[in-house]
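Asker: Have a look; sequence and predicted model below, questions after that.
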Amino acid sequence: MTTMVPGRPAGVVSLADLLPGCVSALRGEPNALGFPRASSVVVVVVDGLGASVLNERAAYARTLSASRESMFSGFPTTTAAALTTITTGALPGTHGLVGYTVLDAANDRVVKQLSGWDARLDPTTWQRVPTIFEQLGGTEIQSFAVGAKRYATSGLTKAILRGATYVSAESIGDRFAAAQSILDSRVPALTYLYVPELDMAAHRVGWQSDDWAAALEAVDAEVRGLVTGLRADQAVVVTADHGVIDVSARKHVLYGHKPELVDGLRHVAGDPRCLQLHVEPGLDVDAVDRLVAAWRASESDRSWVVTRAEAVEAGWFGEVDPVVAARIGDVLVAARKGIAYYDGRDDENHRRMIGQHGSWSSEETQVPLLRFGAFAPR
């Protein structure tokens, strides 16, 4: 290869440490994040709020931008994988959600991990490890997940929030009010509050848009209201699942018309910024090698092109369970520059997305770690 392959930084604190750290704080135990003891913790996950874009739009977020602390999100930088890492404390190679879309080999198809759940894909087994909320079952610490009603019974919720009491609240304000009610109850609790509005705006019109800035202002105001009334032993943490970059249509890379890049492919999964290419079953080694060589010849100046074995060796997905390994592409194409990949022959509707994520850039992998109340830096 012509470029060094990135890898998970050794010993780095990441999203996998967040909820375990909160639970340890609720128990008065040491933890990787150094959280002190607290009686109740609210974890606010603002989808798509990368550290870099928060810094760029700090004028719209006086409360959130007061601290510049950040942490490593993980890989791939896509919502389904990252949220599962948060709620399980495990990495994708263990929990099994390894991309936005993933190969379901048993049914010879690619499925969306946010919305593609059906009778053939059981969320209680596809996501392979107990959630932090399940681990708290039977203890004095109660678990709550606050989100929109439309997510209450979704497959992803059943996969990653099982064990928590789901509290439906539609608007951003209603969700923060629900979290405030849990704090007011004064029960020992871990509360997960999910805010998808920024990510939705970024995908639609980009993070540099007025819509995105307005959503950031709304979240900032709600965080300010929540943390202002905290008791000394209550804590709020604000973070994100991943960051985001804007990719214009002129930076779309269309590959479907190049036979050498698609010959032998059975399925394409992953994200536009991190393709996971699955070859036809039984394809001979020489053919796979030719495919890898073709992608490297075409794309190595702007992407990392690695085999599954190379990605696993570099720790991209953490320790990889053999069952999960088959879900990872035979070949991965992870963008280094501000581009996004599309087949180009049949995905015109999907190419309207502006805000993108999924790969290894610092804009995608660095997320805020904002501490308030009992967790505020001393």
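Answerer: Happy to help now that I have it. Numbering: from 1, shown residues only.

Asker: can you list contacts of the longest helix belonging to the chain?
Answerer: Secondary structure of the chain read by DSSP state H shows that its longest helix is helix 210-228. Helix 210-228 has contacts (CB atoms under 8 Å, 6 or more residues apart in numbering) with 42, 44, 46, 49, 54, 57, 60-64, 172-173, 175-176, 179-180, 183, 195, 197-198, 201-202, 204-206, 236, 238, 355, 372-373. (Glycine included, C-beta is placed from N, CA and C.)

Asker: Count residues in the vicinity of Arg62, would you?
Answerer: By other CB atoms under 10 Å, 12 other residues sit near Arg62.

Asker: show me the residues around it that make contact.
Answerer: Contacts of Arg62 by CB under 8 Å, 6+ apart are 220, 224.

Asker: re the thing from before, out of the contacts of helix 210-228, which end up buried?
Answerer: 42, 44, 46, 49, 54, 57, 60-61, 63-64, 172, 175-176, 179-180, 183, 195, 197-198, 201-202, 206, 236, 238, 355, 372-373 (16 or more other CB atoms under 10 Å).

Asker: Figure out the helix or strand that the residue most central in space within the chain lives in.
Answerer: Centroid-nearest residue in the chain: Ala82, 2.7 Å away (criterion: CA atoms, centre = their mean). Using DSSP states H and E, Ala82 falls within helix 79-88.

Asker: and that helix, average pLDDT?
Answerer: Helix 79-88 carries an average pLDDT of 98.

Asker: so after that helix, what's the next helix or strand?
Answerer: helix 92-95.

Asker: how about the very next helix or strand once past that next one as PDB, C-alpha atoms only?
Answerer: Sequence order places strand 101-104 as the next helix or strand after helix 92-95, per DSSP H and E. The C-alpha trace of strand 101-104 is given here as PDB (Å, rounded to 0.1, in the frame of the first residue of the first chain):
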ATOM      1  CA  THR A 101     -25.500  -1.200   6.100                       C
ATOM      2  CA  VAL A 102     -24.200  -4.700   6.800                       C
ATOM      3  CA  LEU A 103     -24.100  -8.000   5.100                       C
ATOM      4  CA  ASP A 104     -26.700 -10.500   6.300                       C
END
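
Asker: Which secondary structure state is assigned to the residue of the chain positioned farthest from its centre?
Answerer: Farthest-out residue of the chain from its mean C-alpha position, per CA atoms, centre = their mean: Asp286, at 34.7 Å. The three-state label given to Asp286 by DSSP: H, G, I helix; E, B strand; the rest coil is helix.

Asker: What ranges in the protein fall below the confidence cut-off?
Answerer: 1-3, 347-349 (pLDDT under 70).

Asker: So it: which segments form each domain?
Answerer: Domain assignment of the chain by automatic domain parsing yields the ranges 15-90+129-244+360-373, 249-353.

Asker: before we move on, back to that, among the buried ones among the contacts of helix 210-228, which are located in strands?
Answerer: Judged by DSSP state E, strands contain the following of the buried ones among the contacts of helix 210-228: 42, 44, 46, 195, 236, 238, 355, 372-373.

Asker: Redo these as a markdown table? Include distance to Ser168.
Answerer: Converted to a markdown table, those look like this (distance: CB to CB, whole Å):
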| residue | distance to Ser168 |
| --- | --- |
| Val42 | 17 |
| Val44 | 17 |
| Val46 | 19 |
| Val195 | 14 |
| Val236 | 21 |
| Val238 | 21 |
| Gly355 | 26 |
| Phe372 | 25 |
| Gly373 | 25 |
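
Asker: Fine by me, thanks again.
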